[in-house]
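Engineer: Have a look at this prediction, sequence included:
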Amino acid sequence: MRWPRGVDGLCFGGDYNPEQWPEEVWHEDVELMRRAGVNLVSVGVFAWSRLEPREGEYTFGWLDRVFDLLHGAGIAVALATPTASPPPWFSLAHPDALPVTADGTRLLHGSRDTYCASAPGYRAACRRIAAELARRYAGHPALGMWHVHNEYGTTCHCDHVAASFREWLRRRYGDLATLNDSWTTAFWGQHYSDWAQVHPPRATQWLPNPTHGLDFRRFWSDELLAAFTEQRDVLRAAAPDVPVTTNFVLGDWVPVDHARWAGEVDLVAIDHYPTDAGPGAEEQTALWADLARGWAGGAPWLLIESAPNLIHTGGRMHAKEPGRMARHSLAHVARGSRGAMFFQWRAPPGGAEAYHAAMVPHAGPDTRVFREAAELGAVLGRLAEVDAGRIEADVAIVWDAQSWWALRGAHLPSPDLDYLAGVAGVHRALWRSGYAVDFVAPDGDLAPYKLVVVPGLYVVADAAAAAVAAYVAAGGCLVVSYFSGIVDPCLRVRPGGHPGAFRDVLGVRVEEFQPLAPDATVQLSTGDTGSVWSELVHPTGARVEASYTGGRLDGLAAVTRHRYGRGTARYVSTRLDGDGLARLLVAAAEEGGARPVAAAPEGVELVRRSGWLFVFNHAGVECEVATAGVDLVTGADVGGRLRLPPGGYAVVREVGLYGRPTIDTRR
Ligand code: GLA
């Protein structure tokens, strides 16, 4: 991963849209940025219509002045290509490049993201504006990073897409016979006899073909990636020493396989907007920050957008409590982010996101939010050394976008098979139990981990299943949850009893699924309860650790443990409620030799980045944590005990035995 050029220390700043304001405001902006310690701003994200008001006519003068002004203040620019918002003239000149929804409606400009990423006219216009920006700014000393597009994620179902989809399918399957077999088109007589009959999934009368839908998401992730890489290559050619990135948007509607994209950016950068106003926001932060680090292969990455103040939840905006902006930002830094950036610098004068949070709110700089932003800037300025730190996790969760996408299918045995909720539940249980957690791809390197958890890995390839088994055989400790390993990458059910891909390693054979009604629970012999799911499990070598009690599965296996080679593999056939999942995972972790970060009081979060201990007191009462060293936030020596008020936070450069730093802090 590479760093923005010219940024010394951790990145701090946000999206800056000077085109929305008269020039006098820019001077105040830059003065306030200096006060707040801003060192990097994303510029030009949606400025296409200001940069090219008519086709081929460029107006760079204003942007030149913005660059010079920022450079004079020592602030680097992450210059965006504005391709997420083509100007109205573009839509009228290229009506075929307007996006078409699955039900055939063609959209028109009036918002943003109104383009089809497969349309040749759109792609050519993107390359052109990227080349013009590269020509003009590649040599400017303020240029720190290229920020391509914004949040790749929109879809389209038009004829350009159909043509491109067919090409992708030809490359994947070679011939129609293989496609027919892979999509199980024998079912409901969907057999294709000519490539021209294959379309993007469009509105259908009844349930659509699930493999068709999954392949479309795979294709579209690749198509958007091609749109990204062709802009990236234009920019790289002009300025090889300036890193290129794009901001990853999160959410299960996103047709982008981030793990795959991570290999194509110079710096993994995420936008993160928790949707829960309560403690769920901290859980979401821990989850997505750990995921981002996983995509970055353990290297530092960047929180490039977040909300300084408001949490949008259920159509309402929740004002963050004092101090939460800093804790939220630093919890990302603790997990490897190389700073904290916001959407957005100044609240816009109007428009669709007029009420979105900003570092400089409508009420101006004499506000709590601006003061907190400036305080955060000052704190980040004192934390540059943590960039050398790495998170060392004994535990890994397997993450797979394909299973996430596939579990969105409407044809599955229960609507409650929620991939993200399953992953989040495992992550939460481990996080609350004090374990550092990495995310790995199904075919990633599992060997470094003492415990590997596989939640809801519905789709799995033979090679990945074999790698999981090899990990256990070599002495690893594995936990697999229900509805994993059921189908191959074409969504063909693995025959012979579930979970086909993991039967041997788990030593079980599942004869029958028994999904539960929304409010139903099952009792287990351990006293735990389960919900969402249950099944008829036959141990074929595994030992029963917990059985169902009462009901149709009375006395039959619910949780099993199997010795396999030199390791052990547990299977959990229901969703364990309450503390049940945490107890099971901690037992497996201890058996595997995984150790928690440190003991933390309730509501207190500890994250260790090499020798720096981040402490967040999310609880409503003062807390005390045993640690020795200097708190970089206050500069004080904490002695052997750190005390934090409710909502407080600290970053302790820990000293080990005999007062020596536990790590070498020289960079
Ligand atoms: C995303 C976008 C921004 C803005 C914010 C609002 O992160 O990139 O342009 O729309 O969401 O939450």
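Structural biologist: In hand now; what should we look at?
Engineer: Can you tell me the closest non-neighbouring residue to Ala162?
Structural biologist: In this structure, Ala162 finds its nearest non-sequential neighbour in His199, 5.1 Å apart by Cβ to Cβ, 6 or more residues apart in numbering. Every C-beta, even on glycine, is put in place using the N, C-alpha and C of the backbone.
Engineer: Need the pLDDT of the residue of the stretch 201-350 of the chain found nearest the ligand.
Structural biologist: Here the residue of the stretch 201-350 of the chain nearest the ligand is Asp271; by Cβ to the nearest ligand atom that distance is 3.9 Å. The model reports Asp271 with a pLDDT of 97.
Engineer: What count of nearby residues applies to Gly278?
Structural biologist: Residues near Gly278, counting by other Cβ atoms under 10 Å, number 11.
Engineer: Next up, the contacts around it.
Structural biologist: Neighbour list for Gly278: empty [criterion: Cβ atoms under 8 Å, 6 or more residues apart in numbering].
Engineer: need the residues of the stretch 151-300 of the chain near the ligand, please.
Structural biologist: When proximity is defined as Cβ under 6 Å from any ligand atom, the stretch 151-300 of the chain approaches the ligand at 151, 271, 273.
Engineer: For Glu605, pull up the helix or strand it's in.
Structural biologist: Assigned by DSSP states H and E, Glu605 falls within strand 604-609.
Engineer: Give the pairing partners of that strand; include direction for each.
Structural biologist: Strand pairing for strand 604-609, using DSSP bridges, gives strand 612-617 (antiparallel).
Engineer: which other residues reach the strand it pairs with?
Structural biologist: 282, 327, 330-331, 333-334, 385-386, 389, 598, 603-608, 623, 625, 627, 629, 632, 642, 644-654, 663.
Engineer: try it again with 7 Å
Structural biologist: Defining contact as Cβ atoms under 7 Å, 6 or more residues apart in numbering, one finds that strand 612-617 is touched by 327, 330-331, 334, 386, 389, 604-607, 623, 625, 627, 642, 644, 646-654.
Engineer: tell me the contacts of the residue of the stretch 201-350 of the chain closest to the ligand?
Structural biologist: 151, 247-250, 304-305.
Engineer: So Val625 versus the ligand, what's the distance?
Structural biologist: For Val625, the distance to the ligand (Cβ to the nearest ligand atom, to the nearest Å) stands at 33 Å.
Engineer: For that residue, which non-adjacent residue is spatially closest?
Structural biologist: Leaving aside its sequence neighbours, Val625 sits nearest to Leu642 (Cβ to Cβ, 6+ apart; 4.7 Å).
Engineer: rewinding a little: what subset of the contacts of strand 612-617 is buried?
Structural biologist: Neighbour counting over these (16 or more other Cβ atoms under 10 Å) leaves 327, 330-331, 334, 386, 389, 604-607, 623, 625, 627, 642, 644, 647-654 as the buried ones.
Engineer: Distance check, the residue nearest to Leu176 when sequence neighbours are not counted against the ligand.
Structural biologist: Leaving aside its sequence neighbours, Leu176 sits nearest to Tyr192 (Cβ to Cβ, 6+ apart; 5.5 Å). Taking Cβ to the nearest ligand atom as the measure, Tyr192 falls 38 Å from the ligand.
Engineer: Tyr192: neighbour count?
Structural biologist: Tyr192: 15 surrounding residues under other Cβ under 10 Å.
Engineer: got it, and Glu545?
Structural biologist: If we define neighbours as other Cβ under 10 Å, then Glu545 has 18 of them.
Engineer: Then Leu303?
Structural biologist: Counted with other Cβ under 10 Å, Leu303 comes out at 28.
Engineer: And the one 10 residues further on, by the same measure?
Structural biologist: By the measure other Cβ under 10 Å, the count of residues near Thr313 is 16.
Engineer: what's the answer for the one 4 residues further on, then?
Structural biologist: Residues lying near Met317 (other Cβ under 10 Å) number 14.
Engineer: pLDDT score assigned to it?
Structural biologist: For Met317, the predicted pLDDT is 90.
Engineer: Run through the residues that contact it.
Structural biologist: 310, 355.
Engineer: do Arg123 as well
Structural biologist: 227, 230.
Engineer: let's see it at 10 Å
Structural biologist: The neighbours of Arg123, taking Cβ atoms under 10 Å, 6 or more residues apart in numbering as the test, are 83, 97, 115-117, 160, 226-227, 230-231.
Engineer: Equivalent analysis for Glu31, please.
Structural biologist: 73, 365.
Engineer: so it, which of the three states?
Structural biologist: helix (DSSP: H, G, I helix; E, B strand; the rest coil).
Engineer: picking that back up, next, give me the two most distant ones among the contacts of Asp271.
Structural biologist: Leu250 and Ile304 (12.0 Å; Cβ to Cβ).
Engineer: if I look at these two, which residues touch both of them?
Structural biologist: With Cβ under 10 Å, 6+ apart as the test, Leu250 and Ile304 both reach 270-272.
Engineer: quick revisit: from the contacts of Asp271, pick the one nearest Trp261.
Structural biologist: Phe248 (7.1 Å).
Engineer: Hmm, Arg260 and the closest one touching each other?
Structural biologist: No: between Phe248 and Arg260 there is no contact under Cβ atoms under 10 Å: 11.5 Å.
Engineer: Of those two, which one has the most company?
Structural biologist: Ranked by neighbour count (other Cβ under 10 Å), Phe248 and Arg260 place Phe248 first, with 26 against 15.
Engineer: re earlier: how much space separates the residue of the stretch 201-350 of the chain closest to the ligand from Ala436?
Structural biologist: Separation of Asp271 from Ala436 (Cβ to Cβ, to the nearest Å): 24 Å.
Engineer: Which elements pack onto the helix ranked longest in the chain?
Structural biologist: Ranked by residue count and defined by DSSP state H, the top helix of the chain is helix 210-238. Under the contact definition 3 or more Cβ pairs under 10 Å, 6 or more residues apart in numbering; DSSP states H and E, helix 210-238 sits against helix 120-137, strand 143-147, helix 159-173, helix 176-182, strand 244-245, helix 258-261, helix 401-406.
Engineer: Give me the buried positions along that helix.
Structural biologist: Buried residues in helix 210-238 (16+ other Cβ under 10 Å): 210-225, 227-229, 231-232, 234-236, 238.
Engineer: Select the helix or strand of the chain having the lowest average pLDDT value.
Structural biologist: Between all helices and strands in the chain, the lowest mean by mean pLDDT, DSSP states H and E belongs to strand 310-313, at a mean of 86.
Engineer: how far does the helix or strand following that one sit from the chain's center?
Structural biologist: Heading C-terminal from strand 310-313, the first helix or strand you meet, by DSSP H and E, is strand 316-319. How far strand 316-319 lies from its chain's middle: 22 Å, per Cα atoms, centre = their mean, to the nearest Å.
Engineer: got the residues of the stretch 1-150 of the chain near the ligand?
Structural biologist: So the stretch 1-150 of the chain meets the ligand at Asn150 (Cβ under 6 Å from any ligand atom).
Engineer: The stretch 1-150 of the chain: strands as residue ranges?
Structural biologist: 11-16, 40-43, 76-80, 143-147 (DSSP state E, counting those that start in this stretch).
Engineer: Please apply the same query to the stretch 451-600 of the chain.
Structural biologist: 451-454, 477-481, 508-513, 521-524, 529-531, 535-539, 543-549, 557-564, 567-572, 575-576.
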